[in-house]
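Asks: Here is my input; please provide its structure:
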Amino acid sequence: MNQIIAPLFSIYRHSTLLKGFVVKDIKGRFAGTFAGLFWTFLGPISRILAYFFVFSMVLRVTVTIEETGTDKFVIFFLCGFFPWTMFAESLSNAIMILINESRIITKVVFPVELLPVSVVISNFLINGIGFGFFLVYLGFKGYFNSTWLLLPLFLIFELMFALGLSFFLSAMCVFIRDLGELFSIVIMLWFFGTPVIYPASMVPESLAFIFNFNPMVYVVDVFRSSILMGQVKMGSLIALAAFSLVSYCIGAWFFIRSKAAFGDVL
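Replies: Now for the predicted structure:
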């Protein structure tokens, strides 16, 4: 139990240091660039346009109001795209954080667990900007409903899920460096195995059983159903909460148990 709650105590006791890491991570991404924070919008917008062209204009994936709450593919897509991007970019940047910061870890004594935490928080903040503008747009289009008030809760669950995996993967990557390369393949397959660019009804029945073991299915489902349909799907919410709790507990436990060996390996 001590290993599980240790990161939470570190966040509380060293909040100023954590804030410094978050600011450093955000500034570091755009240091030396002319556009600066503009790249926060340009990157996602380019991907959105590419997915929209392929899946809406070429493959012509259709959605219905009865099933998804909208008949506009772009709105349907973005309701899943932003939660997915927050999660995927958090893991992609966190998995190598201990190796990238090895000089600090081996020379300075500080709570190392703050490094993955800062990466996850900074990615949620950066991608949350675009998500916020998107919600404002949907509000003006008449989609706002009372279930939107639960979106912060959904974000907390998703953040805890991402944080647990970030703890586990970043610690594992210290000992198995190949995980950094393997992860790029896994996250690509995970994306297409999650109903971001297609409705869940398109999944063949023969794959439905495996599909239900994907935690991101429930993340996308709770966001879409609450934003577009004004519904809180309790089954998906409970599944998301369970996956988040298990992910955080296992990830935090493994990270704290492993960090004593980081200095020797790094």
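Asks: Helix, strand or coil: sort out residue 245 for me.
Replies: Here residue 245 takes the helix state, with states given by DSSP: H, G, I helix; E, B strand; the rest coil.
Asks: so who does it touch?
Replies: residue 160 (CB atoms under 8 Å, 6 or more residues apart in numbering). Glycine gets a C-beta too; all of them are placed from N, C-alpha and C.
Asks: Distance-wise, check residue 66 relative to residue 55.
Replies: 20 Å (CB to CB, to the nearest Å).
Asks: out of the two, which sits in the more crowded spot?
Replies: residue 55 (16 against 8; other CB atoms under 10 Å).
Asks: how much space is there between the residue lying closest to residue 68 once chain neighbours are set aside and residue 22?
Replies: Once flanking residues are discounted, residue 68 sits nearest to residue 76: 5.2 Å by CB to CB, 6 or more residues apart in numbering. Here the criterion is CB to CB. By it, residue 76 lies 32 Å from residue 22.
Asks: quick one: which of those two has more around it?
Replies: residue 76 (26 against 19).
Asks: ok, now which ones touch that one?
Replies: So residue 76 contacts 63, 68, 70, 199, 224, 228 (CB under 8 Å, 6+ apart).
Asks: for the longest helix seen in the chain, which positions count as buried?
Replies: Identified as the longest helix of the chain according to DSSP state H is helix 114-140. Residues of helix 114-140 classed as buried: 114-124, 126-127, 130-131, 134-135, 138 (neighbour count, 16 or more other CB atoms under 10 Å).
Asks: what's the answer for stretch 71-88, then?
Replies: For stretch 71-88, burial by neighbour count (16+ other CB under 10 Å) applies to 73, 75-88.
Asks: Find the residue ranges of the chain scoring beneath the pLDDT cut-off.
Replies: 30-41, 43, 266 (pLDDT under 70).
Asks: Do a quick rundown of the helices in it.
Replies: Counting by DSSP H, the helices of the chain are 2-13, 15-30, 38-52, 65-68, 73-94, 97-100, 102-107, 114-140, 151-175, 179-192, 205-211, 215-228, 234-258, 262-265.
Asks: Let me have these in a markdown table, adding distance to residue 59 as columns.
Replies: As requested, the helices of the chain are exported to a markdown table (distance: least, CB to CB, whole Å):
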| stretch | distance to residue 59 |
| --- | --- |
| helix 2-13 | 43 |
| helix 15-30 | 33 |
| helix 38-52 | 10 |
| helix 65-68 | 17 |
| helix 73-94 | 10 |
| helix 97-100 | 36 |
| helix 102-107 | 44 |
| helix 114-140 | 23 |
| helix 151-175 | 28 |
| helix 179-192 | 13 |
| helix 205-211 | 19 |
| helix 215-228 | 19 |
| helix 234-258 | 26 |
| helix 262-265 | 46 |
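Asks: Many thanks, we can stop here.
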